[in-house]
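Trainee: Pasting the sequence and the predicted model now:
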Amino acid sequence: MLDIAKSRNLYHRYICDFLGPRRLDIEDDHYDAIACCGAFSQGHLKDDCFPELIRIVKPGGLICIAMREEFLHTVEAYRGKLEPAMVALERKGCWERMARNIVPKYFREKDGVVFMYRVLAQ
């Protein structure tokens, strides 16, 4: 995908890295928004990436996470962990939840859940 994007010369910078607790080579408060669709799944991102997402989004910016709702209960890395981690960061004043919506038939017959957070000034 990066090669395709590069061939179209659409962006100033192309990054291939792992998103997790380690600091990315991206400035603080750099992006207006981040959208994650399909990034939270078995063997994919974990809740330890939330502080890094918050760090690279400008205060007032949005972080949208869309995923299959069942993964909140069936994926070991998320069961009883993902939403509590979101709430903990909200209580710390890092972000505020704007929405948590269930989307019927998000993937075939499976429902989805979309979280929308606004990053707060640190």
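Mentor: Nice, thanks for sending it over.
Trainee: so the residue nearest to Arg79 when sequence neighbours are not counted is in which element?
Mentor: Residue nearest to Arg79 in three dimensions, not counting chain neighbours: His73, with 5.8 Å by C-beta to C-beta, 6 or more residues apart in numbering. Where you see a C-beta, it was placed from the backbone N, CA and C, and this is true even at glycine. Using DSSP states H and E, His73 falls within helix 71-74.
Trainee: pLDDT of that helix, averaged?
Mentor: The pLDDT scores in helix 71-74 average 96.
Trainee: ok, now stretch 28-35?
Mentor: In this model, stretch 28-35 has an average pLDDT of 97.
Trainee: before we move on, what SS does the closest residue in space to Arg22 that isn't next to it in sequence have?
Mentor: Take Arg22 and drop its neighbours on the chain: the residue closest to it by C-beta to C-beta, 6+ apart is Glu52, 7.7 Å away. Assigned state for Glu52: helix (three-state reduction, DSSP: H, G, I helix; E, B strand; the rest coil).
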